[in-house]
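Undergrad: Predicted model follows, preceded by the sequence.
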Amino acid sequence: MSKQNIVPLEIESMNEELANFMANLKQNTPGEIEFHQAVEEVAEIILPYISDKPEIKTAKILERLTEPDRSIIFRVTWEDDEGVIHTNRGYRVQHNNAIGPYKGGLRFHPTVSLSILKFLAFEQTFKNSLTGLPLGGGKGGADFDPKGKSDREIMRFCQSFMTELSKHIGPYTDVPAGDIGVGAREISYLFGQYKRINGKFTGVLTGKGLSYGGSLIRTEATGYGAVYMLEDMLAVKGKSLEGKVACVSGSGNVAEYATEKLIELGAKVVTLSDSSGFIYDPAGITREKLDYIRDLKQVRRGRISEYAKEFGVEFFADKRPWGIICDVALPCATQNELDGDDAKKLIQNGCIAVSEGANMPSTKDAVNAFIAAKVIFAPGKAANAGGVAVSGLEMTQNSIRLGWSHEELDKRLRDIMLNIHKQCVECGVEEDGYINYVKGANIAGFKKVSEAMLAYGVM
Ligand code: NDP
Ligand code: 2IT
């Protein structure tokens with residue numbers, strides 16, 4: 001056997017521990033592939049981290065964290081404009097409330113399943129811990145497809161969904177917000193129905209309209225935050241966003257505001273996408289073109305291909321933007337939208353940094369490829385935490401019955417992202433100086449939650 005083939009004993013036993021841990025999890029949760037993927041990424045970092053922390057190991061903190069506190073599944077029946085009755089499945093996964101009330105978005109998308117919501121709720125617990133605010137983790141939604149539905153149909157669906165969900169949430173128990181398919185319009189219908197049922201005006205949802213308890217900057221926060229994170233990561237290397245070419249995916253809330261901030265900081269955004277394909281605008285998306293996208297996506301609810309027609313650029317049907325040459329990439333659409341081959345293309349094309357606006361957009365192979373190539377890589381739980389952070393600030397403002405200014409909130413968001421970056425560096429710097437933000441985010445997020453769980457004893 002050559003020397004290189006010898007695996008050090010500790011690594012071998014660690015690999016075995018991870019394999020056993022994952023085998024147990026898979027046996028207990030068969031078929032929940034997205035959940036397995038999210039847990040494995042955390043376990044492969046946390047198991048070695050706790051190997052010399054017997055109190056955490058014996059208390060089985062990591063094992064406990066792989067079982068949500070509870071998952072609520074319910075029927076949502078609603079009537080369409082033609083009077084036809086439909087039934088969808090609604091969910092709320094209340095993952096962990098060790099450090100604050102359950103907090104996390106609601107997703108309306110036909111692909112929603114228990115596995116997807118469990119992965120999102122699991123990630124949310126670590127993300128929320130990173131914000132430094134008192135927020136636990138949860139996620140919910142329904143397998144309802146908002147595409148092509150009228151406003152009235154959306155309203156009736158939201159009212160039916162909230163009629164059941166309202167039994168399980170509250171400003172001190174569980175505070176949902178938006179996610180894919182749930183924006184300002186849906187939050188308004190949901191909040192209105194909660195208020196109607198409970199007769200109380202409370203901060204039970206975040207992402208509310210400004211005239212009824214919403215916070216400035218919440219709409220922008222996730223996209224802005226992902227760019228602030230990118231800015232901080234580049235600054236470590238003495239670089240800035242000025243003049244950088246950026247590939248962004250998605251064209252929803254996160255993608256739009258990431259694009260806005262990238263433009264403001266001097267970058268050139270050349271791609272955006274939706275589930276039908278991507279547009280490539282080599283001249284760069286300007287503020288005016290972004291206004292067009294907002295109207296297209298939020299008002300007319302159209303397809304990104306219309307942008308290509310409007311501005312005479314190319315549209316690539318059913319393709320993802322990762323083959324386009326860029327300096328920085330921001331996947332802002334959905335989970336597993338950037339795979340190992342996409343990562344290799346980005347690396348070959350000279351991409352130096354990736355900031356995940358979406359939740360788990362990079363597959364395991366992609367993350368491994370970025371780390372192996374020493375690309376600066378911020379995982380979603382760190383990079384997109386700005387959204388939930390401003391949700392936390394919305395809860396504070398609701399509690400004190402005051403509203404902070406745009407400047408105040410943007411400054412707080414900026415500071416929170418800077419602090420997330422700092423925590424990642426503290427917990428993630430490798431011996432050769434490479435900052436492993438995946439490691440840093442997982443350890444820093446885990447620390448606070450595990451400390452609280454230990455303090456509560458066995459429960
Ligand atoms: P939106 O619904 O506003 O936009 C979603 C975008 O992603 C759309 O362009 C949509 O295209 C595209 N998309 C959705 N599903 C798919 C798919 N299966 N394949 C390809 N494209 C898809 O959602 P958000 O912008 O709010 O969310 C985007 C991501 O960011 C999600 O991963 C979400 O979990 C995450 N996130 C959101 C936060 C928030 O505050 N909103 C906070 C933190 C993370 P189409 O219109 O064709 O469906
Ligand atoms: O994934 C996320 O962090 C969100 N969808 C936002 C959650 C929130 O409670 O604001």
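TA: Yep, that arrived. Numbers count the residues shown, from 1 in each chain. Ligands and ions are numbered 1, 2, ... in the order given.
Undergrad: Could you say which helix or strand holds the residue of the stretch 251-400 of the chain found nearest ligand 2?
TA: In the stretch 251-400 of the chain, the residue that lies nearest ligand 2 is residue 391 (3.3 Å; C-beta to the nearest ligand atom). Any C-beta I mention is one placed from the backbone N, CA and C, and that applies to glycine too. Element membership for residue 391 (DSSP states H and E) is helix 385-400.
Undergrad: That helix and ligand 1, are they touching?
TA: Yes: using C-beta under 6 Å from any ligand atom, helix 385-400 reaches ligand 1 at residue 387.
Undergrad: same deal with stretch 306-314?
TA: No: contact of stretch 306-314 with ligand 1 (C-beta under 6 Å from any ligand atom) is absent, the minimum separation being 11.7 Å.
Undergrad: What of stretch 121-135?
TA: No: contact of stretch 121-135 with ligand 1 (C-beta under 6 Å from any ligand atom) is absent, the minimum separation being 7.9 Å.
Undergrad: ok, now stretch 434-448?
TA: No: Stretch 434-448 is not in contact with ligand 1 by C-beta under 6 Å from any ligand atom; minimum separation 13.7 Å.
Undergrad: Quick check: buried residues in that stretch?
TA: Judged by neighbour count (16 or more other C-beta atoms under 10 Å), stretch 434-448 contains these buried residues: 435-448.
Undergrad: who's in contact with that stretch?
TA: 41-42, 45-46, 49, 99, 125-127, 129-130, 233, 236, 367, 371, 374, 376-379, 381-382, 420, 423-430 (C-beta atoms under 8 Å, 6 or more residues apart in numbering).
Undergrad: what pLDDT, on average, does that stretch get?
TA: Averaging pLDDT along stretch 434-448 gives 98.
Undergrad: With stretch 262-280 instead?
TA: Mean predicted lDDT for stretch 262-280 stands at 98.
Undergrad: Tell me, how many residues neighbour residue 167?
TA: Residue 167 is flanked by 12 other residues according to other C-beta atoms under 10 Å.
Undergrad: quick revisit: just the CA atoms of the helix holding residue 391, as CSV, please.
TA: Extracted in CSV, the C-alpha atoms of helix 385-400 (Å, rounded to 0.1, in the frame of the first residue of the first chain):
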residue,chain,number,x,y,z
ALA,A,385,-30.1,35.0,7.0
GLY,A,386,-30.8,38.7,6.4
GLY,A,387,-34.5,38.0,5.6
VAL,A,388,-35.3,36.3,8.9
ALA,A,389,-33.1,38.7,10.7
VAL,A,390,-35.3,41.6,9.6
SER,A,391,-38.3,39.5,10.4
GLY,A,392,-36.9,39.3,14.0
LEU,A,393,-36.6,43.1,13.9
GLU,A,394,-40.2,43.3,12.7
MET,A,395,-41.2,41.3,15.8
THR,A,396,-39.3,43.6,18.0
GLN,A,397,-41.0,46.7,16.5
ASN,A,398,-44.4,45.0,16.8
SER,A,399,-43.7,44.3,20.5
ILE,A,400,-42.6,47.8,21.3
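Undergrad: which secondary structure elements does that helix contact?
TA: With contacts taken as 3 or more C-beta pairs under 8 Å, 6 or more residues apart in numbering; DSSP states H and E, helix 385-400 sits against strand 102-108, helix 114-130, strand 174-177, helix 218-236, helix 406-428.
Undergrad: redo that, cut-off 7 Å
TA: Helix 385-400 is packed against strand 102-108, helix 114-130, helix 218-236, helix 406-428, with contacts defined by 3 or more C-beta pairs under 7 Å, 6 or more residues apart in numbering; DSSP states H and E.
Undergrad: between that helix and helix 406-428, how big is the angle?
TA: Note on geometry: by axes from the mean of the first three to the mean of the last three C-alpha atoms, to 10 degrees, helix 385-400 and helix 406-428 are set 130 degrees apart in direction.
Undergrad: Flag every buried residue along helix 385-400.
TA: By neighbour count on 16+ other C-beta under 10 Å, the buried set for helix 385-400 is 385-395, 397-398.
Undergrad: Tell me how far it lies from the chain's centre.
TA: For helix 385-400, the distance from its own C-alpha centre to the chain's C-alpha centre is 16 Å (C-alpha atoms, centre = their mean, to the nearest Å).
Undergrad: What mean pLDDT does that helix get?
TA: So the average pLDDT for helix 385-400 ends up being 98.
Undergrad: now the angle from it to helix 114-130?
TA: Going by the same axes, to 10 degrees, helix 385-400 makes 70 degrees with helix 114-130.
Undergrad: before we move on, the earlier item: pull the number of nearby residues for the residue lying closest to the residue of the stretch 251-400 of the chain closest to ligand 2 once chain neighbours are set aside.
TA: The spatial neighbour of residue 391 that comes closest, neighbours along the chain excluded (C-beta to C-beta, 6 or more residues apart in numbering), is residue 206 at 3.8 Å. As a burial measure, residue 206 scores 27 neighbours (other C-beta under 10 Å).
Undergrad: Tell me how far residue 206 lies from residue 103.
TA: 8 Å (C-beta to C-beta, to the nearest Å).
Undergrad: Common neighbours of those two, please.
TA: 175, 391 (C-beta atoms under 7 Å, 6 or more residues apart in numbering).
Undergrad: my read: residue 414 touches residue 228, true?
TA: Yes: counting by C-beta atoms under 7 Å, residue 228 is a contact partner of residue 414 at 5.9 Å.
Undergrad: and those two? which has more neighbours close in?
TA: residue 228 (25 against 16).
Undergrad: What about the residue in the chain positioned nearest to ligand 1, how many residues nearby?
TA: Using C-beta to the nearest ligand atom, the single residue of the chain nearest to ligand 1 is residue 252, 1.8 Å away. Counted with other C-beta under 10 Å, the neighbours of residue 252 add up to 24.
Undergrad: which residues does it contact?
TA: Applying C-beta under 7 Å, 6+ apart, the residues near residue 252 are 180, 297.
Undergrad: So which residues of the stretch 1-150 of the chain form helices?
TA: 9-28, 33-49, 54-58, 61-65, 114-130 (DSSP state H, counting those that start in this stretch).
Undergrad: Quick check: buried residues in the second one?
TA: For helix 33-49, the buried set under the neighbour-count rule, 16+ other C-beta under 10 Å, comprises 34-49.
Undergrad: check contacts around residue 112.
TA: 141-143.
Undergrad: Could you check the pLDDT of it?
TA: 98.
Undergrad: now swap in residue 63 and tell me
TA: Confidence score, pLDDT, at residue 63: 98.
Undergrad: Okay, it and residue 94: tell me how far apart.
TA: Applying C-beta to C-beta to residue 63 and residue 94 gives a distance of 18 Å.
Undergrad: got a list of contacts for the helix holding residue 391?
TA: For helix 385-400, using C-beta under 7 Å, 6+ apart, the contacting residues are 103-104, 127-128, 130-131, 133, 135, 175, 177, 203, 206-207, 213-215, 217-218, 221-222, 224-226, 228, 403-404, 409, 412-413, 416-417, 420.
Undergrad: Within reach of ligand 2, which of these are there?
TA: Of the contacts of helix 385-400, the ones that also sit near ligand 2 (C-beta under 6 Å from any ligand atom) are 103-104, 177, 206.
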